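Trainee: I'd like to go over a predicted model; first the sequence, then the structure.
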Amino acid sequence: MTPPYVSTGHLPSAARTQTLVDQAYRRFKDNDEGTNAQHYPALARMPRHTFSLCIANVSGDCFMAGDVDQTCTLMSVSKPFVFALVCQALGAEAVRAQVGLNATGLPFNSVMAIELHPQRLTNPMVNSGALAVTSLAPGDTAEAKWAFIRDGLARFAGRPLELDEEVYASAASSNFRNRAIARLLADYGRLYFDSLETTDIYTRQCCLKVTARDLAIMAATLADGGVNPITGERVVDAIHCDHTLVVMATAGMYETSGDWLFDMGVPGKSGVSGALIAAAPGKGGLGVFSPPLDAAGNSVRGQLAARFLSDQLGLNLFASKPHRSRQEPRRVAVR
């Protein structure tokens, strides 16, 4: 079979990209809208003024601004990467059949989303689908599955990732809703490992510590066909990046995913820690950390910065301009 033709464009010059990242930081750093996540006490205590952002291009250059050394936890931003890893291991069609792909239109931690689907399938970017994906990770034991996920996420980031013990302890002691979701999935035959152990593995993957730079590099790896632009390592095949970006577009920003795609034109994923990513195929990835969230659980400053940078860096996958000016006559072949 002839390989597909791929054409994606590129980012502006390095100097221009850094200038725009600096502008985005200055424009939105004083925005005081939103509220820290209240799901886990450790997240509620995060300094709300923290704001960092990074663009990583597919050549491995990083352009940063703000509190660049501040770490946060992946939370739901782990979902697309674990989905890609499991698709690589099992095949995308197998994951699709056992988890589902379509958006639920309901909040990320909805139980009703499971009940409303006749086959109890949801979407890998919401908690029910993500728990199902985590349960499919290769390995006969919880530790083997965790090692697969932890190693894969580290390869996406290009460095080992540590567990945030404080956030993990906070989450593990209060993740009752996720335990209930996992138990319900198990009752319907849509969870593929022990429900309590799956919930614990999922909680751990969400509590790995990253910076905005890590987030941008992880997103850039999806944008670069599965090759980490810093290490040069192939993490997953390009086709699974395609699949992951499509799923991010459907539900990466939960019930506001349509609004996000309308405004940004690029697949994105958020987490309740205030982490946010966007990936523009062939161009690069955006990583942002800012704790205050809107009502849907998405970083307020992160969305503002993403919209500005999408417009200014040409990240919008749907943007176009006329090939010819209106004054230029169309050439007609004369026979």
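Mentor: Received the coordinates, thanks. Numbers count the residues shown, from 1 in each chain.
Trainee: Against residue 119, how distant is the closest residue in space to residue 250 that isn't next to it in sequence?
Mentor: Nearest residue to residue 250, sequence neighbours excluded (C-beta to C-beta, 6 or more residues apart in numbering): residue 103, at 4.6 Å. The way it works is simple: take the backbone N, C-alpha and C, and place the C-beta from them, glycine included. In this view, residue 103 and residue 119 are 15 Å apart by C-beta to C-beta, to the nearest Å.
Trainee: buried set for the worst-scoring helix or strand of the chain on mean pLDDT?
Mentor: The weakest-scoring helix or strand in the chain, judged by mean pLDDT, DSSP states H and E, is helix 112-116 (a mean of 72). Within helix 112-116, the residues that count as buried by 16 or more other C-beta atoms under 10 Å are 113-114.
Trainee: Which other helices and strands does whichever helix or strand comes after it contact?
Mentor: Proceeding C-terminally, helix 112-116 gives way to helix 127-135 as the next helix or strand, assigned by DSSP states H and E. The contact analysis (3 or more C-beta pairs under 8 Å, 6 or more residues apart in numbering; DSSP states H and E) places helix 127-135 against helix 78-90, helix 92-99, helix 176-187, helix 195-206.
Trainee: Give me whichever of those is most buried.
Mentor: Mean neighbour count (mean count of other C-beta atoms under 10 Å) peaks for helix 78-90 among these, with a mean of 25.
Trainee: how far out from the middle of the chain is the least confident helix or strand of the chain?
Mentor: 23 Å (C-alpha atoms, centre = their mean, to the nearest Å).
Trainee: Kindly report the same for stretch 27-40.
Mentor: On the basis of C-alpha atoms, centre = their mean, stretch 27-40 sits 19 Å off its chain's mean C-alpha point.
Trainee: going forward, begin numbering at 19 instead of 1
Mentor: In the new count, where the first residue is 19, that last one comes out as stretch 45-58.
Trainee: one step back: pick out whichever of residue 121 and residue 137 has more residues nearby.
Mentor: Neighbour count, other C-beta atoms under 10 Å: between residue 121 and residue 137, residue 121 has more, with 20 against 10.
Trainee: The more buried one: what's it in contact with?
Mentor: By C-beta atoms under 8 Å, 6 or more residues apart in numbering, the contact set of residue 121 is 141, 268-269, 275.
Trainee: same check, this time on residue 215
Mentor: Listed by C-beta under 8 Å, 6+ apart, the contact set of residue 215 reads residue 160.
Trainee: With secondary structure added, can I get the contacts of residue 121 in TSV?
Mentor: Output for those, formatted as TSV (DSSP: H, G, I helix; E, B strand; the rest coil):
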residue	secondary structure
141	coil
268	helix
269	helix
275	helix
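Trainee: Residue 68: which of those residues is nearest?
Mentor: Closest to residue 68 out of the contacts of residue 121 is residue 275 (25.1 Å), distances taken as C-beta to C-beta.
Trainee: For residue 284, state which of the contacts of residue 121 is nearest.
Mentor: Closest to residue 284, out of all of those and judged by C-beta to C-beta, is residue 275, at 11.9 Å.
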